[in-house]
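Novice: Below is the structure, and that's it, no one-letter string:
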């Protein structure tokens, strides 16, 4: 989705800010958070961050935990922007920040990691530093304040977990400031899931419809932003942030770090604009946002049709394709085909076959993941009286394997790395 990590020269408009002295650079650690378990999270976070070479060991770093205290979906980007604005209001401006997940820490107990960790939280210069082995902007990202302001911070439009960091990568890449990875991150950074993160991860893995649809919508939004990062930088970010502080700031002890905890309420109008129902887009492009829409026979890939015919077996013969739909699910597309078939007893019946198209997968990746381009999901028959052949020609039954008008005949063993069906 990120389209590679090319290293173009830094753009002048992204680097017009004074470079601080490295050993005197002031660090602010921003922890975007949501959950009721802050009292258990903070002590563990402080303990980890006060060990040698961790964040708090660098000149009395300031830590700000920004807790989202409203009923809106989680918005990591907007919370980070709010934290940056609040920290920069003080008399001493920060030279760089660390956007820090609450559950990722350096392994300071591993003595062999000492030399690698020593540089993790130092001033990164114009090019950011990321402390995540498989991401360019997730987990822990250290970025100069001047760079963060130049890209207008994070987008505020990503509601729900995920993909705001991919959009930020697009902004940095446009600036010619692709982040560099710290050394030995696989060995020397610990990822210890917080309870809230584990809960949300489980939701997505069990095909929770709301979580999957929001993730799918965010993927589509990120891909749209990546096509024009400069245009979105101008109109979305620090300059358009709207939030409200709730209650007083708290100042819990945190060793060498000066910690603050703030509760914030994000803008309801902004959330409504980006999560409210909107016209369905299911055209098979990056704009596809998770809804289900009818498609014509010409839009059904040949490989999908071949699998659908094959699943009928020897006892049924396909007469024609009555209707079809397509829906995006994360990085995949689910096709549902309504087939008019002639059965062994010479009667016509309506069957529905669901096929997953792994369009995220480049040919060289198929060996890595062991997943074909197309995979069967399930095969169903339309119940008598609920969807005759005549009705299928005039209207489309609702999509999804949980439709009351169909009876599942067989569910296939699906082994793709991303979900491909939404349970409704």
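Specialist: Now that the structure is in, tell me what you want to look at. Keep in mind it's a predicted model, so treat the numbers as computed, not measured.
Novice: what sits against residue 339?
Specialist: 308, 312, 318, 319, 320, 321, 322, 350, 351, 352, 353 (Cβ atoms under 8 Å, 6 or more residues apart in numbering). Glycine gets a C-beta too; all of them are placed from N, C-alpha and C.
Novice: Mind doing that once more with 6 Å?
Specialist: 318, 351 (Cβ atoms under 6 Å, 6 or more residues apart in numbering).
Novice: Now do the helix or strand hosting it: distance to the chain's middle.
Specialist: Per DSSP states H and E: residue 339 is located in strand 332-343. Its chain's C-alpha centre and that of strand 332-343 lie 30 Å apart, by Cα atoms, centre = their mean, to the nearest Å.
Novice: Mind listing what's buried along that strand?
Specialist: 332, 333, 334, 335, 336, 337, 338, 339, 340, 341 (16 or more other Cβ atoms under 10 Å).
Novice: JSON lines for the residues you listed, including pLDDT and distance to residue 78?
Specialist: Below are those laid out as JSON lines (pLDDT from 0 to 100; distance: Cβ to Cβ, whole Å):
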{"residue": "332", "pLDDT": "85", "distance to residue 78": "28"}
{"residue": "333", "pLDDT": "87", "distance to residue 78": "30"}
{"residue": "334", "pLDDT": "90", "distance to residue 78": "31"}
{"residue": "335", "pLDDT": "92", "distance to residue 78": "35"}
{"residue": "336", "pLDDT": "92", "distance to residue 78": "36"}
{"residue": "337", "pLDDT": "93", "distance to residue 78": "41"}
{"residue": "338", "pLDDT": "91", "distance to residue 78": "42"}
{"residue": "339", "pLDDT": "92", "distance to residue 78": "46"}
{"residue": "340", "pLDDT": "91", "distance to residue 78": "50"}
{"residue": "341", "pLDDT": "90", "distance to residue 78": "51"}
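Novice: Distance to residue 24 for these - can I get that in CSV?
Specialist: Listed next are these as CSV, based on distance: Cβ to Cβ, whole Å:
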residue, distance to residue 24
332, 50
333, 52
334, 55
335, 59
336, 61
337, 65
338, 68
339, 71
340, 75
341, 75
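Novice: and whatever helix or strand comes next after the strand holding residue 339, average pLDDT?
Specialist: Note on strand 332-343: by DSSP H and E, the next helix or strand toward the C-terminus is strand 348-357. The average pLDDT within strand 348-357 is 90.
Novice: Relative to strand 348-357, what are the paired strands and their orientations?
Specialist: Sheet pairing here is set by DSSP bridges, and for strand 348-357 it gives strand 332-343 (antiparallel), strand 374-382 (antiparallel).
Novice: now those in a markdown table, with distance to residue 115?
Specialist: Putting the strands paired with strand 348-357 into a markdown table (distance: least, Cβ to Cβ, whole Å) gives the following:
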| stretch | distance to residue 115 |
| --- | --- |
| strand 332-343 | 42 |
| strand 374-382 | 46 |
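Novice: how about those strands, which one is nearest residue 109?
Specialist: Residue 109 lies closest, by Cβ to Cβ, to one member of these: strand 332-343, at 40.3 Å.
Novice: Excluding chain neighbours, give the residue nearest to residue 133 in space.
Specialist: residue 185 (4.0 Å; Cβ to Cβ, 6 or more residues apart in numbering).
Novice: And the one you found, how far from residue 337?
Specialist: To residue 337, residue 185 is 44 Å away according to Cβ to Cβ, to the nearest Å.
Novice: ok, now residue 228?
Specialist: 35 Å.
Novice: Show me the shaky parts of the stretch 151-300 of the chain.
Specialist: Low-confidence segments of the stretch 151-300 of the chain, defined by pLDDT under 70, span residues 193-209, 271-280, 282-289.
Novice: so where do the strands sit in it?
Specialist: Secondary structure of the stretch 151-300 of the chain (DSSP state E, counting those that start in this stretch): strands at 180-181, 189-191, 243-250, 253-254, 257-266, 292-295.
Novice: which residues touch the first one?
Specialist: I take that to be strand 180-181. So strand 180-181 is contacted by 127, 129, 130 (Cβ under 6 Å, 6+ apart).
Novice: again, but for the third one
Specialist: Strand 243-250 is contacted from outside by 69, 82, 260, 261, 262, 263, 264, 265, 266, using Cβ under 6 Å, 6+ apart.
Novice: quick check, nearest of these to residue 38?
Specialist: Using Cβ to Cβ, those come closest to residue 38 at residue 261, 6.8 Å.
Novice: so what's that closest one bridging to?
Specialist: Residue 261 forms beta bridges with residue 65, residue 250, as assigned by DSSP bridges.
Novice: I'd assumed residue 64 was in contact with it.
Specialist: No - the criterion here is Cβ atoms under 6 Å, and residue 261 misses it with residue 64 at 7.8 Å.
Novice: Neighbour count for those two, which is higher?
Specialist: residue 64 (23 against 20; other Cβ atoms under 10 Å).
Novice: Enumerate every residue touching the more buried one.
Specialist: 30, 83, 87, 260.
Novice: what sits against the third one?
Specialist: Yep, that's residue 87 we're talking about. 28, 64, 94.
Novice: Give me the subset of the contacts of residue 64 lying in helices.
Specialist: Of these, the ones assigned to helices by DSSP state H are 83, 87.
Novice: Now rank the contacts of residue 64 by neighbours and give me the top one.
Specialist: residue 83 (26 neighbours).
Novice: Hmm, it is touching residue 30, no?
Specialist: Yes - counting by Cβ under 6 Å, residue 30 is a contact partner of residue 83 at 3.7 Å.
Novice: Sketch out the low-pLDDT regions of the stretch 1-150 of the chain for me.
Specialist: 1-7, 53-55, 57-60.
Novice: and if we set it to 80?
Specialist: 1-8, 21-23, 36-41, 44, 47-60, 90-91, 108 (pLDDT under 80).
Novice: how about the strands in it?
Specialist: 27-33, 62-68, 96-100, 104-106, 129-130, 140-144.
Novice: Please list the outside residues in contact with the first one.
Specialist: Strand 27-33 is contacted by residues 55, 58, 61-67, 76, 79-80, 83, 87, 94, 96-100, 102 when judged by Cβ under 6 Å, 6+ apart.
Novice: Listing partners with orientation, what would you give for that strand?
Specialist: When DSSP bridges is applied, strand 27-33 pairs with strand 62-68 (parallel), strand 96-100 (parallel).
Novice: ok, now how distant is residue 79 from residue 10?
Specialist: 28 Å.
Novice: Looking at those two, which is more packed in?
Specialist: residue 79 (27 against 15).
Novice: now that one: how far from residue 99?
Specialist: Residue 79 is 10 Å from residue 99, by Cβ to Cβ.
Novice: quick one: contacts for the spatially most central residue of the chain?
Specialist: The residue lying closest to the centre of the chain (Cα atoms, centre = their mean) is residue 162, at 2.4 Å. The contact partners of residue 162, by Cβ under 6 Å, 6+ apart, come to 215, 218.
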